[in-house]
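Q: Structure for this input, please:
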Amino acid sequence: MKLFSFPVYTVEKAIAKRMLTLESPHREWFGQRWAQKPYRKSFLDKKAMPLVTLLAKCKTWDDETFNAELAAWDARFYDAEVEVLRPLIEGDGLIQLMQKNVPAERMQALLTTLDTQRQA
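A: Predicted coordinates for the structure are as follows:
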């Protein structure tokens with residue numbers, strides 16, 4: 001059973017909005033892949049939605065639960081993907097309501113995860 005269900009369409013809309021402002025090399029790289037349905041589904045299921053879930057639930061989790069869930073999220077990110085996902089953590093559009101009252105150290109932990117779990 002899923003304990004949290006955030007509308008995928010809302011995340012897709014936030015990603016599409018972010019793509020409009022991406023810098024040149026990242027825009028082409030991500031745009032080519034985002035147009036492919038298998039990549040889009042994989043990106044949403046394995047990278048974007050877990051990030052949104054962590055962001056939404058981390059306000060109520062204790063430190064042990066948050067750290068366990070963050071460690072269990074084993075996604076690897078390309079530079080362009082990090083540029084797309086970073087505004088979801090830092091505050092962009094519809095996602096801002098979820099970010100309200102998120103402890104700063106947890107937001108920093110999410111940003112650090114994006115920066116350190118890079119694709120080889």
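Q: per-residue confidence at Q119?
A: For Q119, the model assigns a pLDDT of 68.
Q: D92 now?
A: Value listed for D92 in the pLDDT field: 61.
Q: Counting neighbours, what do you get for the residue nearest to Y39 when sequence neighbours are not counted?
A: What sits nearest to Y39 in space, not counting adjacent residues and going by C-beta to C-beta, 6 or more residues apart in numbering, is R33, at 4.4 Å. C-beta coordinates here come from the backbone N, C-alpha and C atoms, glycine included. Residues near R33, counting by other C-beta atoms under 10 Å, number 16.
Q: which residues sit in contact with R33?
A: Y39, R40, F43 (C-beta atoms under 8 Å, 6 or more residues apart in numbering).
Q: Next up, identify which helix or strand the first one is on.
A: Assigning secondary structure by DSSP states H and E places Y39 in helix 37-43.
Q: by contact count, what packs against the helix or strand following that helix?
A: With elements assigned by DSSP H and E, the helix or strand that comes after helix 37-43 is helix 49-57. Counting contacts by 3 or more C-beta pairs under 8 Å, 6 or more residues apart in numbering; DSSP states H and E, helix 49-57 packs against helix 8-19, helix 63-72, helix 79-90, helix 96-99, helix 104-116.
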